[in-house]
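**Student:** Generate a structure from the sequence data that follows.
(one chain, ligands or ions: 1)
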Amino acid sequence: MQVSSTDHLTIGEVTRRTGVPASALHFYERKGLIFTTRNGGNQRIYERHMLRRISLIIVAKRLGIPLADLAAAFATLPGDHAPTQEDWQRVSRTWKRQLQERRQILENLEHELTGCIGCGCLSMKACALLNPYDTLQEDGPGPVRLQDPPRRNPSRRATRR
Ligand code: FES
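**Tutor:** Here you go, the predicted structure:
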């Protein structure tokens with residue numbers, strides 16, 4: 001598979017290099033995650049550095065990271081030239097807190113998978129102790145004990161964990 005050695009790639013070259021279909025590239029462009037210019041024939045042209053953005057989108061999708069979070073992280077990157085290492089370090093700092101929160105949720109899930117997660121099912125032995133009569137529903141919907149940070153109803157804090 002041949003890819004242009006220039007700094008400008010056609011959509012076919014980007015698709016071959018990244019494995020991302022053209023329709024998805026168009027979608028990412030509409031979402032402001034990547035940018036293109038047009039050549040004389042009105043065809044999309046991708047700066048080579050967009051490959052890095054697209055690769056990060058692929059990884060983020062695998063990890064279940066919302067594209068909106070990625071867009072916020074990319075918002076500080078220059079759109080008209082290749083980001084410098086300092087640019088990427090700035091993005092990394094912005095994104096780090098979100099990744100740490102996500103990691104904490106995954107760790108909580110790993111630890112709580114066999115215990116009560118506060119979802120209202122009351123199907124585990126631990127539910128009677130950790131979520132008696134589904135009292136955690138007062139803290140909000142969903143698996144209350146897996147939220148990060150955990151949702152707290154101060155009036156019942158003493159009954160948690
Ligand atoms: S696991 Fe669902 S309420 Fe305990």
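**Student:** Tell me which residue is most central in this structure.
**Tutor:** Note on the chain: the residue nearest the mean C-alpha position is residue 65, at 1.6 Å, using CA atoms, centre = their mean.
**Student:** how about low-confidence regions in this protein?
**Tutor:** 1-5, 148-161 (pLDDT under 70).
**Student:** Swap in 50 and give it another go.
**Tutor:** Applying pLDDT under 50 to the chain picks out residues 1-4, 157-161.
**Student:** in it, which helix has the most residues?
**Tutor:** helix 85-112 (DSSP state H).
**Student:** How far does whatever helix or strand comes next after it sit from its chain's centre?
**Tutor:** For helix 85-112, the following helix or strand on the C-terminal side (DSSP states H and E) is helix 127-130. Relative to its chain's centre, helix 127-130 lies at 32 Å (CA atoms, centre = their mean, to the nearest Å).
**Student:** Alpha carbons of helix 127-130, in CSV - could you do that?
**Tutor:** Only the C-alpha atoms of helix 127-130 are listed here, as CSV (Å, rounded to 0.1, in the frame of the first residue of the first chain):
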residue,chain,number,x,y,z
CYS,A,127,-27.8,-4.8,48.9
ALA,A,128,-29.7,-5.3,52.1
LEU,A,129,-26.7,-3.8,53.9
LEU,A,130,-25.4,-1.2,51.5
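**Student:** got the buried residues for it?
**Tutor:** Across helix 127-130, burial judged by 16 or more other CB atoms under 10 Å covers 127, 130. Every residue, glycine included, has its C-beta placed from N, CA and C.
**Student:** who in this protein is up against the ligand?
**Tutor:** 116-124, 127, 131 (CB under 6 Å from any ligand atom).
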